[in-house]
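Peer 1: need the 3D shape of this:
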Amino acid sequence: MQTDSQPVLETRAAKGSSGLALLGRLMWMMWGPMLLLFISYTIITNGGWITAWDAAFVVVVALMVGGRWLEQRSGSAMTATGAVASIDNFRKYVRVLLLLAAVAWITVNILGNHFLA
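Peer 2: Residues are numbered from 1 along each chain as shown. The predicted structure follows:
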């Protein structure tokens with residue numbers, strides 16, 4: 001009797017984690033980059049180094065890392081090309097994202113505060 005209920009529980013857990021994996025994947029691949037573009041444009045047009053928009057930029061970057069982590073923890077993580085992702089892929093993603101986000105944040109603040117002000 002227990003063997004019959006076991007697959008049902010595993011199926012429910014897999015469906016729940018695949019939903020979280022999809023949510024995480026959408027965040028790090030689609031919503032996050034689009035939000036960062038919008039926030040970057042807003043930082044350029046509004047000026048100021050430490051504003052609410054700068055905080056929003058940091059929050060979106062953190063959500064992108066969290067989304068990638070959710071997908072990684074689901075057990076069904078994939079790279080952007082569709083290959084199976086390992087923890088090394090996750091670590092590389094975080095390193096590259098943090099570096100590029102810092103460069104982008106500094107660049108948009110310099111543009112907004114000095115060149116386009």
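Peer 1: tell me where the model's unsure across this structure.
Peer 2: Low-confidence segments of the chain (pLDDT under 70): 1-17, 117.
Peer 1: what sits closest to the spatially most central residue of it if chain neighbours are left out?
Peer 2: Nearest to the mean C-alpha position of the chain, counting by C-alpha atoms, centre = their mean, stands Met64 at 1.3 Å. Leaving aside its sequence neighbours, Met64 sits nearest to Gly32 (C-beta to C-beta, 6 or more residues apart in numbering; 3.7 Å). Heads up, the C-betas are built off the backbone N, CA and C, glycines and all.
Peer 1: got it, and Ser40?
Peer 2: Using C-beta to C-beta, 6+ apart, the closest residue to Ser40 is Val108 (4.6 Å).
Peer 1: for the helix or strand where the one you found lies, list every residue counted as buried.
Peer 2: Using DSSP states H and E, Val108 sits in helix 87-110. For helix 87-110, a neighbour-count test (16 or more other C-beta atoms under 10 Å) marks Asn89, Phe90, Tyr93, Leu97, Ala101, Ala104, Trp105, Val108, Asn109 as buried.
Peer 1: for the residue nearest to Ser74 when sequence neighbours are not counted, give me its contacts.
Peer 2: Using C-beta to C-beta, 6+ apart and skipping residues adjacent in sequence, the residue nearest Ser74 is Ala21, 3.6 Å away. For Ala21, the contact set (C-beta atoms under 8 Å, 6 or more residues apart in numbering) comprises Leu70, Glu71, Ser74, Gly75, Ser76, Ala77.
Peer 1: so who does the third one touch?
Peer 2: So that's Ser74. Ser17, Ser18, Leu20, Ala21, Gly24.
Peer 1: tell me if I'm right that the residue nearest to the centre of the chain and Arg25 touch.
Peer 2: No. Counting by C-beta atoms under 8 Å, Met64 sits too far from Arg25 to count as a contact (10.9 Å).
Peer 1: helices of the chain, residue ranges please.
Peer 2: For the chain, the helices defined by DSSP state H occupy 2-26, 32-46, 52-74, 87-110.
Peer 1: hmm, who's touching the helix holding Val108?
Peer 2: Counting by C-beta under 8 Å, 6+ apart, 28, 36, 40, 43-44, 49, 54, 57, 61, 64-65, 68-69, 72, 77, 79 sit against helix 87-110.
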